[in-house]
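Chemist: Quick check, what structure comes out for this input:
(2 chains)
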Protein chains: 2
Amino acid sequence: MPVLVMKFGGTSVANPDRIRRAAKRVGVEVAKGYDVIVIVSAMSGKTNELVGWVGETSPLYDAREYDAVVSSGENVTAGLMALTLQEMDIPARSWQGWQVPVKTTSAHSAARIVDIPPANIMAKFAEGMRVAVVAGFQGISPEGRITTLGRGGSDTTAVAFAAAMGAERCDIYTDVDGVYTTDPRISPKARKLDRIAYEEMLELASLGAKVLQTRSVELAMRFNVKLRVLSSFEEQSDDAGTLVCAEEEIMESKVVTGIAYSRDEAKMTLLSVADRPGIAAAIFGPLSEAGVNVDMIIQNISEEGRTDMTFSCPTEQVSRAENALKKAIEAGQIDYSNLVADTDVAKISAVGIGMRSQSGVAAQMFRTLSDEGINIKVIATSEIKISVLIDRKYMELAVQALHDAFDLDKAG
Amino acid sequence: MPVLVMKFGGTSVANPDRIRRAAKRVGVEVAKGYDVIVIVSAMSGKTNELVGWVGETSPLYDAREYDAVVSSGENVTAGLMALTLQEMDIPARSWQGWQVPVKTTSAHSAARIVDIPPANIMAKFAEGMRVAVVAGFQGISPEGRITTLGRGGSDTTAVAFAAAMGAERCDIYTDVDGVYTTDPRISPKARKLDRIAYEEMLELASLGAKVLQTRSVELAMRFNVKLRVLSSFEEQSDDAGTLVCAEEEIMESKVVTGIAYSRDEAKMTLLSVADRPGIAAAIFGPLSEAGVNVDMIIQNISEEGRTDMTFSCPTEQVSRAENALKKAIEAGQIDYSNLVADTDVAKISAVGIGMRSQSGVAAQMFRTLSDEGINIKVIATSEIKISVLIDRKYMELAVQALHDAFDLDKAG
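Modeler: This is a model prediction of the structure:
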C-alpha cells in the first residue's frame, strides 16, 4: 500500500481532544488505502516547560542530559495518539526514536538524521498495522544516547521518514492553512498559495515566515519529497493547503511569489576602516567565531585607503558583535574610526523563482518604495530574492505596497 | 569503590529545588567514597497526570502504549538529577531503563525485572563517573517495548539494582523518617524503629503501612539487600531512618514489633452453605477468577450438612465478589441461603518475629480488646502476625490500646 507521512505540531496535539481530532484526519487517509506514518510533536507548552526546568537546574547544561529530558514530551503524545487510533479500531502502535531507530549524529540538541532503516516499520505494515506513530524531534546517537534535532525538528523528522519510506507525500498539519503571499496580519490582501517551489519556500522560511523549519525544506528538496502544509483545525479537501514541490510541477508562476519581512534585524556600520587585502576576513572572522549570524554585507569606498563596511545581524546579537569587534581592534586586527549600530530597521524581501528569467524586478521594487517615500538603507540580492533594509516604522507600509505592486492578491 | 543505591520518591524530586536538596544528599555519600546509583521517581503528580490522559483517551487501553506514556515522567527527573549533580562537579549521567538495560518480562504495566546486566554502568564507574542516575519504574521487554513495573515500582527498581550491583545498602528516601510501631496519626506514642526484619516489614507493608512497596521488600529479603528507609526532608546522620534487614542482625527484638491497621476491609459471610468436599474451591475459585483479593477465610459448622463461610476482601471489591458468587449459584456450583456483606469493619494486626518463640501474644491481644469492650468478628493468624476484624468505629481505640499493651512506646 502507498505510504503517507502526516505530521502534527504541538497545537494540534495540545490535549486528548485535539489528539482525537488529529486522529480522525489520520483515519480519513487510512480509509483511502494509505499506510500512514504519523509524526507528533509534544503538547504545546510541554517542551518549554522541560527546557525551563533544565535552565533552572543548570545554566550551562550537558546537552546529552538536556536531550534526555526534553525528548520526553514527544513520547507522551506518540503513545496517546496510538491509543486514540486503536480506540477507532485502526491498528496502530507508537515508536520512540531509538526504537525505529532514527540514527543521528552525536551533535546533541542539534543532531542531524543519518539514517532511518525502514525495515522494522515496514514489517509491521506487512503484518497489518496501518499507522506507525513516531515521536518527532528525537533520535539515537552512535553511542546509544538520546539526541534531539533542535527546535522545530519534528518537521525534519517527518520529511526524513517520507524520504526513507518512499512516501507519496508528507503532510504537515499546523495552525495555519497554508503558505501565504505575505503575512495576513500585515496585509489583509495576502493570498494563500496553492503551490510553491522548494527554493522559494527556503527563502521565505529563512526570512521569518515561520510555517516550516528551513532544514525540513532543504531535506525535502534534496530527496524530492512533496510537502503539503495545511491546517489541522479545518475540514480538509484533497487539495487543501499549500504544496511545496519542485519548480517543474508549478505550471504558471509569477515573477514574485511572496513578500517576506523580518522585524529583528540590526544594521551595523564600521566607518572609515583601513582598507587592505584581507580586511573583510579580519572583520567577519571574529564575528563568526563569536556566533554572530551576519546576513547582508555591503562595502563602500569612502576616501583614499579607507572604506565603510555595513552588515546586518539579528538585533539580539548586536552587543555580541560589538564585543567581538572591540576585541579585534584591541588585538590590532582591524582599524576603524567608529561603529554605528542601527537597531530600528526591518528587512523586506521579494522572493520568486521567476526573477531568474525576468529583469526589472529590482527596479520595480525600488520604485514602489520610493513612491511611498521609504528610504532604502541596504540592498542585497540573490538569484530568486531581493532584500532591503528600511526604517522599521515603514515595515507594514512597505509590505502592503510591494504586495500590491506585484499583484500578489490575484491568482495565477 | 563500594556501591550505594539511593532512591528518591516523587515528593523528593517534585521540582528543581527539591532535586537540588536530594542531590546534596547524594554528594554526601559520594564524598564518603561511594559510587552511587540514584533511582528516581517522576515528580509527584506527573504520573497521575499521564495516567489521567491515558484514561481519557482510551478506557480499555493497550498496556504497551500506557507504559510508553507513563514512563516518561521518570526520564525527566533522571536527566534533571544528572544535570544537578554535574553542577556540583560530580561526574554523573542519566540512564533510561532500556539503556541499562533493565530487562523485564512482557507483562506490561506489571512487569517483573528479569535481569540487570551491571557491565555498562560498572564500566562508567571504572572510567571515573561517580553517580549513575537511573529512571525508576521502567524497563524493556524481550520485544524491545518499554515496560513499567506497576505503581510504586521505583522501590523495586532500587532493590533490584542493589542486588545486581552488589551494593552495600539501598537507601529509600521518602517523606517519612522511617518505619513506626504504628501510624503516628492514630497513636501519638508511635515510636520510630531503628531496625525491622524483612518478614515483619512484609507483613506491615501488605497490611497498609505504605512506606515500602511489598515487592521491593520481598526482593530485598531474597537477595539479602539491606534496605534503609529515611526522610529526604531532614538532615541525616549515618544511622538515621529504619534499617530493614535479616532477623539475625536485630539483637533484641520485642515479641510484637508493630500494630498495623487497614480501614478498607469488608467482611462477607455466606450463610448455610451446602457442605461437601470441594466446597471451598467452588466458592473461592470464582472469586479468584473475578480478581477479588480474599484475605481472611473462616469456616464454621452451623447445622447438619450446612456451614457458614466468612471471608474478608477490600471494600471496593464487594460488588465484584457478589457478582461472582451470584453467577456461581446460578451455575449450580454452590448453594447457600444468604450472603451478608459488612463493610463497616477494620482489620487490626499485631506483627512480630518474636511471636514465633513466645506464646500468649494472641491471648494478650484478645484480652486487651475485650477490656476496651471491642468485639472481635474474625481472627486469623500466621507465624508472625495476629489479625482481627472489628467494627471500624473502634479502630483507633484498638490501635492505641494494643500499642500500650505491648509496650511499643518503649525502646528495646
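Chemist: residue boundaries of the strands in the stretch 201-350 of chain A?
Modeler: For the stretch 201-350 of chain A, the strands defined by DSSP state E, counting those that start in this stretch occupy A:227-231, A:242-245, A:258-274, A:297-303, A:306-314, A:338-351.
Chemist: chain center to the second one, what's the gap?
Modeler: Pointing back at strand A:242-245 there. With CA atoms, centre = their mean, to the nearest Å as the basis, strand A:242-245 stands 14 Å off its chain's centre.
Chemist: ok, back up a step: which of the strands of the stretch 201-350 of chain A sits closest to residue A:184?
Modeler: Of all the strands of the stretch 201-350 of chain A, strand A:258-274 sits nearest to residue A:184, with 11.8 Å by CB to CB. In this view, the C-beta of every residue, glycine as well, is placed from N, C-alpha and C.
Chemist: Please report the distance of residue A:91 from residue A:403.
Modeler: Separation of residue A:91 from residue A:403 (CB to CB, to the nearest Å): 48 Å.
Chemist: what's around the one residue in the stretch 251-400 of chain A that gets nearest to chain B, how many residues?
Modeler: Nearest residue of the stretch 251-400 of chain A to chain B: residue A:291, at 22.7 Å (CB to the nearest CB). If you count neighbours by other CB atoms under 10 Å in any protein chain shown, residue A:291 ends up with 10.
Chemist: which stretches of the stretch 101-250 of chain A aren't confidently modelled?
Modeler: Along the stretch 101-250 of chain A, segments meeting pLDDT under 70 span A:151, A:206-210, A:236, A:238.
Chemist: so where do the helices sit in it?
Modeler: Along the stretch 101-250 of chain A, counting by DSSP state H, counting those that start in this stretch, helices occupy A:119-126, A:153-164, A:198-206, A:214-223.
Chemist: Please list the residues of chain A that sit near chain B.
Modeler: With CB under 8 Å from any CB of the partner chain as the criterion, chain A meets chain B at residues A:16, A:19-20, A:50, A:53-54, A:56-58, A:61-62, A:64-66, A:68-69, A:71-73, A:75-76, A:78-80, A:82-84, A:86-87, A:93-94, A:96, A:98-99, A:144-146.
Chemist: Please repeat the previous calculation with a cut-off of 7 Å.
Modeler: Within chain A, the positions adjacent to chain B are A:16, A:19, A:50, A:53-54, A:56-58, A:61-62, A:65, A:68-69, A:72, A:75-76, A:78-80, A:82-84, A:86-87, A:94, A:99, A:144 by CB under 7 Å from any CB of the partner chain.
Chemist: So which of the residues you listed are in helices?
Modeler: A:16, A:19, A:50, A:53-54, A:56-57, A:65, A:68-69, A:72, A:75-76, A:78-80, A:82-84, A:86-87 (DSSP state H).
Chemist: could you dump the strands of the stretch 201-350 of chain A to JSON lines with mean neighbour count and distance to residue B:107?
Modeler: As requested, the strands of the stretch 201-350 of chain A are arranged in JSON lines below (neighbours: other CB atoms under 10 Å in any protein chain shown; distance: least, CB to CB, whole Å):
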{"stretch": "strand A:227-231", "mean neighbour count": "23", "distance to residue B:107": "42"}
{"stretch": "strand A:242-245", "mean neighbour count": "24", "distance to residue B:107": "46"}
{"stretch": "strand A:258-274", "mean neighbour count": "21", "distance to residue B:107": "54"}
{"stretch": "strand A:297-303", "mean neighbour count": "13", "distance to residue B:107": "63"}
{"stretch": "strand A:306-314", "mean neighbour count": "20", "distance to residue B:107": "53"}
{"stretch": "strand A:338-351", "mean neighbour count": "19", "distance to residue B:107": "57"}
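Chemist: All set now, cheers.
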